[in-house]
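1. Sequence first, predicted model second:
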Amino acid sequence: MDRRIDGSGFQVPFLIDPTSFISPSASISIGSIICAKAVVNTNVIIEKGCIISIGALIDHDSVVGEYSHINTGAIIKAHSNVERLKKLDIGMIYTVENQIKRTSYEIGGKLNVFKG
């Protein structure tokens, strides 16, 4: 966060929607927002200033770097490390290899993923 805020004594909150699921072993840093129906699984670290949008899924043992935005319905697969300032668009899948799979699409409300 801005040094002026950090040094002012003001405590920057993090916000968690009550319909989201946050594992007890997950770590959410200051200034982050976890929106409705998002899932943050076991041993996930959400660094400061992140936005985890509606229905996003962060699988176990992953890290979301500072000020990143994980958009609606995006999936971060297990053991992934999302770089600082990264934006994942709606429905994208981020893998341990740090590659966004663009071969995913939605049909009738179900996510279909093909390797390619």
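-> Structure's in. What do you need?

2. isn't T72 right up against S53?
-> Yes - counting by CB atoms under 8 Å, T72 does reach S53; the two are 4.6 Å apart. No exception for glycine: its C-beta is placed from N, CA and C like everyone else's.

3. show me where the protein has helices.
-> 3-6 (DSSP state H).

4. low-scoring stretches of the protein, by residue?
-> Applying pLDDT under 70 to the chain picks out residues 1-7, 97-116.

5. tell me the contacts of I52?
-> Neighbouring residues of I52 by CB atoms under 8 Å, 6 or more residues apart in numbering: S20, S32, I33, I34, C35, A38, V40, I46, I58, V64, I70.

6. what's across from the fourth one in the sheet?
-> To tie it back to what came earlier, the one meant is I34. I16, I52 (DSSP bridges).

7. between the contacts of I52, which is nearest V96?
-> Nearest to V96 among the contacts of I52 is I58, at 12.9 Å by CB to CB.

8. doesn't T42 make contact with that closest one?
-> No - with contact defined as CB under 8 Å, I58 and T42 do not form a contacting pair (10.1 Å).

9. Those two: which is more packed in?
-> I58 (30 against 13; other CB atoms under 10 Å).

10. who does that one bridge with?
-> Following DSSP bridges, I58 is listed with bridge partners V40, I76.

11. gap between it and G9?
-> With distances taken as CB to CB, to the nearest Å, I58 is found 31 Å from G9.

12. before we move on, what about V96?
-> V96 sits 40 Å away from G9, going by CB to CB.

13. can you check N41 too?
-> On the measure of CB to CB, N41 and G9 end up 34 Å apart.

14. ok, the two, which is more surrounded?
-> N41 (18 against 6).

15. What sits closest to the more buried one if chain neighbours are left out?
-> Closest residue to N41 apart from its sequence neighbours, by CB to CB, 6 or more residues apart in numbering: H60 at 4.5 Å.

16. Ignoring the adjacent residues along the chain, who's closest to S68?
-> S68 sits nearest to K86 (CB to CB, 6+ apart), 4.6 Å away.

17. Test my guess that the one you found contacts G65.
-> Yes - if you go by CB under 8 Å, K86 and G65 touch, sitting 6.4 Å apart.
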